[in-house]
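Enquirer: Need a 3D model of the following:
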Amino acid sequence: MAFNAIGGPRLGSFKDAVDWYEKIKPIRGNKNGTRPLGERRYHNAASITMPDPDTVLLNYYGNKLVEWRSDNTFTLHAPKYYSAYSGDQIIGFVPRSVGFSWVHGRLFVRTDGKDIELVRRQSLKFVPVAGVHQGHPVFEVENAPDVQVYRVRRGMADAITKRRFGAFLEWVALTAPIVQSVARSEMEESYAQFRTALGYTDEFLAEQKKAVDGLPWDGEREHVMVALCDVDYLPYSVNRLGGAFHRASAELLAEWMSGNNPDKWLSALNVVQDYAGVFKFHMDRNAHIDIPRVYEYIKGVAAFLHRDEAFKVITLPAGTVPSKRNSEYFREIYIDFGQTD
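Expert: Residues are numbered from 1 along each chain as shown. Here you go, the predicted model:
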């Protein structure tokens, strides 16, 4: 159960939202005329606005979180600061028949007896349904999608890895006892080549950063900075977005590791070492080659590129909380410097 941290009114209809907006006085001295949604001292975190007669917005740190419309439907947007604490922070924005839970790094909305995932940077539309819950109106998610779980096809990822990258792995096993580590400078040089081959040259990245320097964080600057960070984690890192792949860079790394590209093998190994290398002591500048770790990283790339072969997809009814196991192979990073949220 979430705690209503901002003291929000938990509005249950468009009429409730309009009535609340009209009765709340703006914060004195605030040049934007901000009207607090809940406790006045939290007006920066929770405010209410009415941009037109058919819309009421409940804003969370300046970003719309709940969007009520005159047809008595509302849209819930994923909170900007998405975390295990999100449920407590935003429970005051939604009707009393709606709740939240945090399950294995994911935020779920509980409504009408179903648990629907509210994915980062996405939204859910709610429509009223017949009946009440403890005296409060009930809503359901419009067109809630079925959910999927992913089961490993035993042995398939290993078979694909050996089929596609067997020659490269044999070379690693042959050379690792001779050259047991990779210098950080070599890894950085190879990774720069890797980014350049994808179109992310140092000059291009510097231009993107310079273009948004000095802009407010929200909007274009935030979008560009997130994209710049994504570029540092190509093609895949468990430390980024809970594990998500970037397809173009995974395909490029696979090309570098193919049997037809032995001149690229050293560069490919250096890229892999950025994630699989072992630093044996603090400030170690050499990433020691751990063959099992190298294999597991490459196997992950192979499983992503051939996920339809490596996994069996099982569909469950909407409203079910799915297992998170293997879901990272079905999540992708999309990098675009030309758009804003």
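Enquirer: Would you map the helices across this structure?
Expert: 14-23, 86-90, 156-175, 184-197, 202-212, 222-231, 247-256, 265-276, 291-305, 307-310 (DSSP state H).
Enquirer: Make CSV from those and add mean pLDDT and mean neighbour count to it.
Expert: Any C-beta I mention is one placed from the backbone N, CA and C, and that applies to glycine too. What follows is the helices of the chain, written out as CSV (pLDDT from 0 to 100; neighbours: other C-beta atoms under 10 Å):
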stretch, mean pLDDT, mean neighbour count
helix 14-23, 96, 16
helix 86-90, 92, 21
helix 156-175, 97, 17
helix 184-197, 94, 16
helix 202-212, 93, 13
helix 222-231, 89, 17
helix 247-256, 97, 19
helix 265-276, 95, 22
helix 291-305, 97, 20
helix 307-310, 97, 16
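Enquirer: For residue 237, which of those helices is the nearest?
Expert: Checking the helices of the chain against residue 237 by C-beta to C-beta gives helix 265-276 as the closest, at 6.0 Å.
Enquirer: between the closest one and helix 156-175, how big is the angle?
Expert: Helix 265-276 and helix 156-175 are oriented at 110 degrees to each other (axes from the mean of the first three to the mean of the last three C-alpha atoms, to 10 degrees).
Enquirer: Determine the set of other helices and strands touching helix 265-276.
Expert: Here helix 265-276 is seen to pack against helix 156-175, strand 181-183, helix 184-197, helix 247-256, helix 291-305 when contacts are counted using 3 or more C-beta pairs under 8 Å, 6 or more residues apart in numbering; DSSP states H and E.
Enquirer: could I have that helix exported to CSV, CA atoms only?
Expert: The C-alpha trace of helix 265-276 is given here as CSV (Å, rounded to 0.1, in the frame of the first residue of the first chain):
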residue,chain,number,x,y,z
TRP,A,265,38.7,-9.8,-34.0
LEU,A,266,41.1,-7.9,-31.8
SER,A,267,38.9,-4.8,-31.9
ALA,A,268,35.9,-6.9,-31.2
LEU,A,269,37.6,-8.5,-28.2
ASN,A,270,38.5,-5.1,-26.8
VAL,A,271,34.8,-4.0,-27.1
VAL,A,272,33.7,-7.1,-25.3
GLN,A,273,36.4,-6.6,-22.6
ASP,A,274,34.8,-3.3,-21.8
TYR,A,275,32.0,-5.3,-20.2
ALA,A,276,33.5,-8.8,-19.5
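Enquirer: ok and it relative to helix 291-305, angle-wise?
Expert: Using the same axes, to 10 degrees: helix 265-276 against helix 291-305 is 100 degrees.
Enquirer: Helix 265-276 to helix 184-197, inter-axis angle?
Expert: On the basis of the same axes, to 10 degrees, helix 265-276 is oriented at 110 degrees to helix 184-197.
Enquirer: per-domain residue ranges of the protein.
Expert: Using automatic domain parsing, the domain parsing of the chain gives 14-144, 149-330.
Enquirer: closest to residue 147 out of the helices of the chain?
Expert: It's helix 307-310; of these, that one is closest to residue 147 (C-beta to C-beta) at 16.7 Å.
Enquirer: which outside residues touch the closest one?
Expert: Outside of helix 307-310, the residues within contact range by C-beta atoms under 8 Å, 6 or more residues apart in numbering are 150, 152-153, 156-157, 160, 302-303, 329-330.
Enquirer: Would you reformat these as CSV and include distance to residue 143?
Expert: Shown next, in CSV, are these (distance: C-beta to C-beta, whole Å):
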residue, distance to residue 143
150, 23
152, 30
153, 31
156, 33
157, 34
160, 35
302, 35
303, 31
329, 25
330, 20
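Enquirer: Specify which member of those residues is nearest to residue 254.
Expert: residue 302 (7.5 Å).
Enquirer: Just list the residues touching the closest residue to residue 121 other than its chain neighbours, thanks.
Expert: Of all residues not flanking residue 121 in the chain, residue 78 sits nearest, at 5.7 Å (C-beta to C-beta, 6 or more residues apart in numbering). The contact partners of residue 78, taken as C-beta under 8 Å, 6+ apart, are 107, 118-123.
Enquirer: Quick check on those residues: which are buried?
Expert: Buried by 16 or more other C-beta atoms under 10 Å: 107, 118, out of the contacts of residue 78.
Enquirer: Among the contacts of residue 78, which one lies nearest to residue 273?
Expert: Nearest to residue 273 out of the contacts of residue 78 is residue 120 (C-beta to C-beta; 29.5 Å).
Enquirer: could you measure that closest one against residue 76, distance?
Expert: Separation of residue 120 from residue 76 (C-beta to C-beta, to the nearest Å): 13 Å.
Enquirer: gap between the lengthiest strand in the chain and the chain center?
Expert: Counting residues, the longest strand found in the chain (DSSP state E) is strand 123-133. Centroid separation between strand 123-133 and its chain, computed with C-alpha atoms, centre = their mean, to the nearest Å, is 26 Å.
Enquirer: just the angle between it and helix 14-23, please?
Expert: Taking the same axes, to 10 degrees, one finds that strand 123-133 is oriented at 100 degrees with respect to helix 14-23.
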